[in-house]
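Trainee: The following comprises the amino acid sequence and a computationally predicted model.
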Amino acid sequence: DAMVIQNPRYQVTQFGKPVTLSCSQTLNHNVMYWYQQKSSQAPKLLFHYYDKDFNNEADTPDNFQSRRPNTSFCFLDIRSPGLGDAAMYLCATGPGREKLFFGSGTQLSVL
Amino acid sequence: GQSLEQPSEVTAVEGAIVQINCTYQTSGFYGLSWYQQHDGGAPTFLSYNGLDGLEETGRFSSFLSRSDSYGYLLLQELQMKDSASYFCAVNQGGKLIFGQGTELSVKP
């Protein structure tokens, strides 16, 4: 059974059109992370939550926002997607720092 | 800041042993993790070292030397399905920072 679920698996949006990616977890962990991964690159941390405490990485563009209405759900909002935002977006959670469970990711294309 | 260095590519044959090294520079270190990622898939946790020494999990082992800021992942009895990218990651202040990854190709 999937423990971290991301929807949709593939998302196509238009340049400048807001898009929301969703993530849910059945593990009831306090922490949730959003990573961006471009082709042949490492996952890059965008932000993370500890419970409702939001932590933004210093180099995460203002174009990226996140919401976490409850423990199970987390959303990534891209307010005005550019071509450079096309990437795989990965959501993760875990019992601690050492071991994360990732969702299958959402592959975002920007036309 | 932090940086992690690992080889970009490694090639080995089925049945062989391969070692993927990782060196790191970071302020605030809690441990070194290893993840496997197949093409188009999500990263999957393999191993974690919080203390110096060797951790063994089946065909995979991981080693850490904190004094040398160095670790490695050892894969034994390589199988074709082990062809994937392998990332070392540093646990720093409640978040996981990934290295650039090593693409492992296993040949018959």
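Mentor: Ah, there it is. Numbering: from 1, shown residues only, chains lettered A, B, ... in the order given.
Trainee: Distance check, the residue in chain B sticking out farthest from the centre against B:D82.
Mentor: The C-alpha centroid of chain B is most remote from B:P108, which lies 22.5 Å away (C-alpha atoms, centre = their mean). According to C-beta to C-beta, to the nearest Å, B:P108 and B:D82 sit 13 Å apart. Using the backbone N, CA and C atoms, a C-beta is placed for each residue, glycine as well.
Trainee: before we move on, the earlier item: residue contacts, the residue farthest from the centre of chain B?
Mentor: With contacts defined as C-beta atoms under 8 Å, 6 or more residues apart in numbering or on different chains, the neighbours of B:P108 are B:13-14, B:80.
Trainee: again, but for A:L21
Mentor: If you count contacts by C-beta under 8 Å, 6+ apart, then A:L21 has A:6-8, A:11, A:75-76, A:78, A:89, A:91, A:106, A:108 around it.
Trainee: What count of nearby residues applies to A:L111?
Mentor: 10 (other C-beta atoms under 10 Å in any protein chain shown).
Trainee: now A:Y10
Mentor: A:Y10: 9 neighbours (other C-beta under 10 Å).
Trainee: Apart from its chain neighbours, what residue comes closest to it?
Mentor: A:Q107 (5.0 Å; C-beta to C-beta, 6 or more residues apart in numbering or on different chains).
Trainee: so which strand or helix has the residue nearest in space to the middle of chain A?
Mentor: Against the mean C-alpha coordinate of chain A, by C-alpha atoms, centre = their mean, the closest residue is A:W34 at 3.4 Å. A:W34 is part of strand A:31-37 when elements are defined by DSSP states H and E.
Trainee: Kindly report the same for B:G71.
Mentor: strand B:70-75.
Trainee: got the buried residues for that strand?
Mentor: B:71-75 (16 or more other C-beta atoms under 10 Å in any protein chain shown).
Trainee: so can I have JSON lines of those showing distance to chain A and pLDDT?
Mentor: Shown next, in JSON lines, are the buried residues of strand B:70-75 (distance: C-beta to the nearest C-beta, whole Å; pLDDT from 0 to 100):
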{"residue": "B:G71", "distance to chain A": "13", "pLDDT": "97"}
{"residue": "B:Y72", "distance to chain A": "17", "pLDDT": "98"}
{"residue": "B:L73", "distance to chain A": "15", "pLDDT": "98"}
{"residue": "B:L74", "distance to chain A": "19", "pLDDT": "98"}
{"residue": "B:L75", "distance to chain A": "19", "pLDDT": "97"}
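Trainee: Between all of those, which two are separated the most?
Mentor: B:G71 and B:L75 (13.9 Å; C-beta to C-beta).
Trainee: In contact with residue 84: list those residues for me.
Mentor: Here I'm looking at chain A. Neighbours of A:G84 in contact, by C-beta under 8 Å, 6+ apart: none.
Trainee: wait, chain B
Mentor: B:A84 touches B:36-39, B:103-104, counting by C-beta under 8 Å, 6+ apart.
Trainee: separation between it and A:G105?
Mentor: 15 Å.
Trainee: Okay, buried residues for stretch A:71-78 please.
Mentor: A:71-72, A:74-76, A:78.
Trainee: Now render those residues as JSON lines, adding pLDDT and secondary structure.
Mentor: Shown next, in JSON lines, are those (pLDDT from 0 to 100; DSSP: H, G, I helix; E, B strand; the rest coil):
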{"residue": "A:T71", "pLDDT": "92", "secondary structure": "coil"}
{"residue": "A:S72", "pLDDT": "94", "secondary structure": "coil"}
{"residue": "A:C74", "pLDDT": "95", "secondary structure": "strand"}
{"residue": "A:F75", "pLDDT": "96", "secondary structure": "strand"}
{"residue": "A:L76", "pLDDT": "96", "secondary structure": "strand"}
{"residue": "A:I78", "pLDDT": "97", "secondary structure": "strand"}
